[in-house]
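Asks: Sharing a model that was predicted from the sequence below.
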Amino acid sequence: TADMVAKAFNIITSDPNVKALLVNIFGGIMKCDVIAAGVVQAAHEVGLKIPLIVRLEGTNVDAGKKILAESGLDIIAADDLDDAAIKAVASIKVNA
């Protein structure tokens, strides 16, 4: 749920050494659009101040990517895990 994601975001970002947040989801049973909506809602609630990189793969992936893109948030979409890792490192260097 979005509440669980928000709690996770709060726990992770409470560490000042965390410079970016990478979410890697393979939505087999759970659909990517539902997961994306939860990530967007949680990011809004928490008010993330660090880069958020999201990689989605699985059922309804295109709908999930659309939700992320239209969220109004500065979410960095990634095509695969390698791409996500590269973008996470790059976002840290940009914000350093």
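Replies: Sure thing, it's come through. Numbering: from 1, shown residues only.
Asks: and the nearest residue to N24 once chain neighbours are set aside, what element?
Replies: In space, and not counting its chain neighbours, N24 is closest to R55: 4.8 Å by CB to CB, 6 or more residues apart in numbering. To be clear about C-beta, it is placed using only N, CA and C from the backbone, and glycine gets the same treatment. Assessed by DSSP states H and E, R55 sits inside strand 52-58.
Asks: Show me what counts as buried in the helix-or-strand element of the chain with minimal mean pLDDT.
Replies: Lowest on mean pLDDT, DSSP states H and E among the helices and strands of the chain sits strand 21-27, with a mean of 89. Under the neighbour-count criterion of 16 or more other CB atoms under 10 Å, strand 21-27 has 21-23, 25, 27 buried.
Asks: try stretch 38-57
Replies: 38-43, 46, 48, 51-57.
Asks: Check the separation of the first and last residues in that stretch.
Replies: 15 Å (CA to CA, to the nearest Å).
Asks: and that stretch, what's its mean pLDDT?
Replies: Averaged across stretch 38-57, pLDDT comes to 94.
Asks: Stretch 87-96 too?
Replies: What stretch 87-96 shows for mean pLDDT is 85.
Asks: The residue nearest to A8 when sequence neighbours are not counted and L21, how far apart?
Replies: Leaving aside its sequence neighbours, A8 sits nearest to A42 (CB to CB, 6+ apart; 7.8 Å). Separation of A42 from L21 (CB to CB, to the nearest Å): 10 Å.
Asks: joint contacts of these two?
Replies: Common contacts of A42 and L21 (CB atoms under 8 Å, 6 or more residues apart in numbering): F9.
Asks: if I read this right, the residue nearest to N24 contacts I25, doesn't it?
Replies: Yes: between R55 and I25 there is a contact under CB atoms under 8 Å: 6.8 Å.
Asks: about what we covered before: show me which of the buried residues of strand 21-27 is closest to D62.
Replies: Within the buried residues of strand 21-27, proximity to D62 (CB to CB) peaks at G27, which comes in at 11.7 Å.
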